[in-house]
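A.B. asks: build me a model:
(chains A and B)
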Amino acid sequence: MLKEGSELMRIDHHPILKTFEKGKLVKFLYDGEVMEGYEGEPIAVALRANGVMIHRYTSKHNDPRGVFCAIGRCTDCVMVVDGEPNIRTCITPLQEDMKIETQHGISNNKEDESI
Amino acid sequence: MKRYELIIIGAGPAGLSAAIEAASNGMQVMVFDENERPGGQLFKQIHKFFGSKEHKAKERGFRIGEKLLKEAEGLGVEVQLKAAVMGIFDDKEISVMLDGRVEHYRANNIVIATGASEKMLPFPGWTLPGVIGAGAAQTMMNLHGLKPGSRVLMVGSGNVGLVVGYQLLQAGCKLEAVIDAAPRVGGYGVHAAKLARTGVPFYMSHTIKEAHGDSCVKGAAILAVDSSWQPIPGSEKYLEVDTICMAVGLSPMSQLARTAHCEMENNPLKGGLVSICNKYGETSTPGVYAVGDVAGIEEASSAMIQGRIAGAAISFDKGYINEAEFATRYEEYQNSLMQLREGMFGHKDKEAADMEHTEEGYILSQSLLSKGYMDAEEIEEYPGVYPVEQRGKGVFPVIECTQNIPCNPCQDACKRGCIKVSGKITNLPSVDASVECTACGMCVVSCPGQAIFLVDETLAPGYASVAIPYEFYPLPEPGSKGLALDRSGTSLGEAEVLKVKSSKAMDETAVLTMKVPVEWSMQARFFQVY
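C.D. replies: Down below sits the predicted model:
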């Protein structure tokens, strides 16, 4: 199921670069929802193509955060990937059946008091 | 612990060039880079570079990257990716994070070519999803084929903001505005003009007040600032955007130089904290060099030459080339570097630049500096434009290159010798009205600033043709109609596409010729598809 914005964000024909080489189309889970993206592209790119903007909420103020630098430097886009928190989604390649979850503080659980 | 003769940190334009130079002299070179792919930012640069042939001008950045990689590979340079260098210690020992393990290496010489990171500007709402760096926009659209947003505000009018702004248009995004707190466009006028003629408004002396939205950006409030950078009450404007792209400067990533105990200085002309280097790029720590943006923010073209110089100096120091050979190469590279640093945007003139006149004494367009485009009357004053009385004979070029920037591919492009950049490479190109123009269009596509047009006021009674560089998808079909826009992006009225020329030599820049009423011949500069 696609969210607002969705696949329209993909560039089909680029005047200079023409087309983009992509891996095979694979399914992955985002907060329990099945989505599709291309294997090997950054997780963040696959999420954005599905209309996902919010990657995590900060621990103190519960502020939403998303992609900011897109080169693995700022760590604003970290999420819980296959159970592991703090994964920089902008530089981590998407794999088939990956389980990607919104991060709350450093956990995948909103109610987690330990954070 | 593994040893190498030379370890280079960073596989971008500076690091690869240093590697190529040293390896071509016979040195054993290892390059570490923390990224998944080599090339630094070159593969995101899809525009044609400025400079001369020696600086690889009119080649697109990603193609330069491909060539550098191939050359390095051919010379046996080892490139270790996903290798984050954590520190440089005594006796040129370095520690590298590789696959979750820390490994140690030692080298006789080290070149730090770690580049730069983006500066940021905090404002209310700046942490909202949808506020991104200009680099992030480039990464998403030019590497991964994804639009970073639909409606974008660009904050910053330096070359990064202008170039990325144009790339956003090419990717199919709408650029709602370019704003800058400074009163003048910071980057090349030709880059600004490319945006302005498509209709992008420039708000100079404007800053961002806040980003609106609860869960992501839904809009941006901007406001005007006075000459002492204070907000002007009542000047607020609201822009409906989903993306705010920040292009407010770069800082050298000089942390590794500090770990190597290099003597540092805070130099605003170089973008911040840099190591103090001699003319070969060597820091105060013997055998440790710093080249490219990490040594001072410049362009990729100068980073490549700095890399060459360091590579040659190290080769000479270790006996791989003799003194005479080194002297010859150094002189060649240094001259090439100095050329790039000339002009009103050059390294040395950044603060002292005369913003009223070119070096030759032509009046600089204040409209270009404050609005991003020139007024039609101003164009007539420059040497790249035929005098009015010479225009009745057929096609003639109009070169709207009006600032001293180091670039000259136009003169090589014209095989008939119509175009000259005499003297310094930063001088404005001039046209020789006695040379008959064959309308081949090679000057149009060779200009990295897309500032050359071909005009024919004798097309048909009452009509002129205007040929423009065109880099958007899809290419309009001959015979199709659209709008002729002037330099400010304002519609003049209907235009018809006469032909669209594109070939391999033109490298994806098409020449679109449109038919317009003759009175628009010196105004129509863009074609907008209906």
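A.B. asks: ok, the closest residue to chain B within chain A - how many residues close by?
C.D. replies: Residue nearest to chain B within chain A: residue A:66 (2.8 Å; Cβ to the nearest Cβ). From N, CA and C alone the C-beta is placed, and that goes for glycine too. By other Cβ atoms under 10 Å in any protein chain shown, 25 other residues sit near residue A:66.
A.B. asks: measure the residue nearest to it when sequence neighbours are not counted to residue B:137 for me?
C.D. replies: If the residues on either side of it in the chain are set aside, residue A:66 comes closest to residue B:129, at 2.8 Å by Cβ to Cβ, 6 or more residues apart in numbering or on different chains. Separation of residue B:129 from residue B:137 (Cβ to Cβ, to the nearest Å): 14 Å.
A.B. asks: cool, and residue B:505?
C.D. replies: 30 Å.
A.B. asks: now the strands: where do they sit in chain A?
C.D. replies: A:25-30, A:33-38, A:56-57, A:64-65, A:78-81, A:84-88, A:99-101, A:103-104 (DSSP state E).
A.B. asks: quick check, the fifth one touching chain B?
C.D. replies: No - contact of strand A:78-81 with chain B (Cβ under 8 Å from any Cβ of the partner chain) is absent, the minimum separation being 12.4 Å.
A.B. asks: so who does the residue nearest the centre of chain A touch?
C.D. replies: With distances taken as Cα atoms, centre = their mean, the residue of chain A nearest its centroid is residue A:44 (3.4 Å). By Cβ atoms under 8 Å, 6 or more residues apart in numbering or on different chains, the residues touching residue A:44 are A:55, A:67, A:70, A:77, A:89, A:90.
A.B. asks: sec struct for residue B:216, please.
C.D. replies: Following DSSP: H, G, I helix; E, B strand; the rest coil, residue B:216 is assigned to coil.
A.B. asks: can you classify the residue in the stretch 401-530 of chain B that chain A sits nearest to as helix, strand or coil?
C.D. replies: Of all residues in the stretch 401-530 of chain B, residue B:473 sits closest to chain A, at 4.2 Å by Cβ to the nearest Cβ. For residue B:473, the secondary-structure state derived from three-state DSSP is coil.
A.B. asks: can you pull the contacts of it?
C.D. replies: A:13, A:14, A:15, B:170, B:172.
A.B. asks: which of the residues you listed sit farthest apart?
C.D. replies: A:13 and B:170 (10.6 Å; Cβ to Cβ).
A.B. asks: who has more neighbours, those two?
C.D. replies: The neighbour count for residue A:13 versus residue B:170, taken as other Cβ under 10 Å, is higher for residue B:170 (20 against 11).
A.B. asks: I figured the more buried one hits residue A:11, correct?
C.D. replies: No - contact criterion Cβ atoms under 8 Å: residue B:170 and residue A:11 do not qualify, at 9.0 Å.
A.B. asks: work out for me the element residue B:516 sits within.
C.D. replies: strand B:510-517 (DSSP states H and E).
A.B. asks: that strand - what's its average pLDDT?
C.D. replies: Here strand B:510-517 scores 98 as its mean pLDDT.
A.B. asks: now, the most widely separated pair of the contacts of residue A:44?
C.D. replies: For the contacts of residue A:44, the farthest-apart pair by Cβ to Cβ is A:55 and A:70; their separation is 11.8 Å.
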